[in-house]
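# Sequence first, then the predicted structure, then my questions.
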Amino acid sequence: MAVCSLSNALSEQGRPVEILSTYRLCEPVYRLDQRVKVTYLTDRKPNRKEFSKAVSSKNPVAIIRESLRAVRTLWVKYATMKRAIRNITEGTVISTRHEYSLLLSRFGNPGVKRIAQLHQDHGCSPKWIRKIARGYRNIDCLVVPTKQSADELRQLLQRQKSQLACLAIPHFLTSQGLPSREKKKQVIAVGRLHAEKGFERMLRVWGKISPLYPQFILKIVGEGQERSHLEERCRQLNLDSTVIFAGALPHEQVLEEMASSWCYLMTSLEESFGFVLIEAMSCGIPAIAFDVRTGPREIIQDGFNGYLLPDGEEEAMARRLATLLENQKRCEALGSNAKESAKRYEKDAILPKWMQLIES
């Protein structure tokens, strides 16, 4: 979403924008301005599922076949991106993946402004910092979504004698959310159903309070490889009747669900930013999240626009959630503050930072 939002915004400013994508797995999920050009560099597709199936079947012929296919796809992936980067002779290139930022640093032309953008929190281990310091030597600026990440990287890179500039530019909202709706007895969570999003511990938190508030449901919006496992956990915890897996929904429908919920719940094991938090807050509902290493603490002001709990304190989160479910006025007050807080992340507040970086 961040790539589409920035591309649209730059296009609206009259700048020619082209997105280079390695694979064409599907049509863009988010709306793209018709002026944004999308170029797919290869017609190949990853074969992770086929390789996993071959390994599971213990078929040596299939394993060898899929292994060779994977190696060939990987070679094509890097060869086509390297060639595309070399062919750019002017303007600005923004790389949104570490592997491509390494290629941009190595093969980007000197007359091109080279910006690396990290969307995930990779931590600040010495090994990772050395990778950045060595691999980003020709990158003009590294952009990360939180001030905490920028400050940490800047300090640690200086110890590596790196002169790489680090700048914090958060993701921005493309709309002002939705006005509050009549509230359903509903708590909402949105995200990929992957292990790092921590939905299993969300179910444990919900299991602690659901018997006390049986009129409320937890609606989880999103798809992913963990869905069948999470549905099984619901059955084990006797939560079938109060947890709804809604699957992937159109963006506007997600906002409608947020606006009509009591609050937003996040139990991720890690976050780089937490864009869904500001989306929920822009719809006038408070957010409750664990204080993981980065992300939520820059968005949630504990007790003002939501609640921030020590990471992993499931009992504390359950108690805090319960206070909102039984106190609608408190919930509405936090939601009003949340909507005001979300204005800091509107496009008009964030885009000038990108424009200044590109034009400087």
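Right, received. Where do you want to start?
# Ramachandran coordinates for the closest residue in space to Ala9 that isn't next to it in sequence?
Distances taken as Cβ to Cβ, 6 or more residues apart in numbering put Leu351 closest to Ala9, at 5.2 Å, once the chain neighbours are dropped. (Glycine included, C-beta is placed from N, CA and C.) Main-chain torsions, Leu351, degrees, to the nearest 10: phi -60, psi -40.
# what does the worst-scoring helix or strand of the chain on mean pLDDT contact?
Ranked by mean pLDDT, DSSP states H and E, the weakest helix or strand in the chain is helix 48-57, scoring a mean of 88. Helix 48-57 is contacted from outside by Ala62, Ile63, Arg65, Glu66, Ser67, Arg69, Ala70, using Cβ atoms under 8 Å, 6 or more residues apart in numbering.
# How about stretch 40-47?
Outside stretch 40-47, the residues touching it (Cβ under 8 Å, 6+ apart) are 20-25, 66, 69-70, 72-73, 76-77, 80-81, 84.
# pLDDT-wise, what's the bottom of the residues you listed?
On pLDDT alone, Leu25 ranks lowest of those, at 80.
# Quick one: residues contacting that residue.
Lys45.
# Distance-wise, check it relative to Leu309.
Using Cβ to Cβ, to the nearest Å, we find Leu25 at a distance of 36 Å from Leu309.
# same check, this time on Thr242
For Thr242, the distance to Leu309 - Cβ to Cβ - is 21 Å.
# repeat for Phe199
16 Å.
# Compare these two (neighbour count), which wins?
Phe199 (27 against 23; other Cβ atoms under 10 Å).
# doesn't Glu231 make contact with the more buried one?
No: applying Cβ atoms under 8 Å, one finds Phe199 not in contact with Glu231, separated by 10.6 Å.
# sorry, back to before: now, of the contacts of helix 48-57, which are buried?
Among the contacts of helix 48-57, those buried by neighbour count (16 or more other Cβ atoms under 10 Å) are Ala62, Glu66, Arg69.
# could those residues be laid out in a markdown table, adding distance to Val292?
As requested, these are exported to a markdown table (distance: Cβ to Cβ, whole Å):
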| residue | distance to Val292 |
| --- | --- |
| Ala62 | 39 |
| Glu66 | 35 |
| Arg69 | 37 |
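# Please tabulate these in JSON lines, including the columns distance to Leu334 and secondary structure.
Listed next are those as JSON lines, based on distance: Cβ to Cβ, whole Å; DSSP: H, G, I helix; E, B strand; the rest coil:
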{"residue": "Ala62", "distance to Leu334": "54", "secondary structure": "helix"}
{"residue": "Glu66", "distance to Leu334": "51", "secondary structure": "helix"}
{"residue": "Arg69", "distance to Leu334": "52", "secondary structure": "helix"}
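# between the residues you listed, which is nearest Leu142?
Arg69 (33.9 Å; Cβ to Cβ).
# Now do the contacts for the closest one.
Applying Cβ under 8 Å, 6+ apart, the residues contacting Arg69 are Asn47, Glu50, Phe51.
# Buried subset of those residues, written for PyMOL?
In PyMOL, this line selects whichever of the contacts of Arg69 come out buried by 16+ other Cβ under 10 Å:
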select buried, resi 47+51
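# of the contacts of Arg69, closest to Cys4?
Among the contacts of Arg69, and counting by Cβ to Cβ, the member closest to Cys4 is Asn47, at 26.3 Å.
# mind checking how far Glu256 is from Cys283?
9 Å.
# Which one's more surrounded, the two?
Taking other Cβ under 10 Å, Glu256 and Cys283 do not tie; Cys283 has more neighbours (28 against 15).
# Pretty sure the more buried one sits against Gly177.
Yes: Cys283 lies in contact with Gly177 (Cβ under 8 Å); the separation is 4.4 Å.
# between the two, what contacts are shared?
Shared contacts of Cys283 and Gly177, counting by Cβ under 8 Å, 6+ apart, come down to Leu255, Met258, Ala259, Lys339.
# Show me what the helix or strand containing Leu321 packs onto, helices and strands only.
Assigned by DSSP states H and E, Leu321 belongs to helix 314-325. The contact analysis (3 or more Cβ pairs under 8 Å, 6 or more residues apart in numbering; DSSP states H and E) places helix 314-325 against helix 199-209, strand 263-266, strand 287-291, strand 306-310, helix 328-342.
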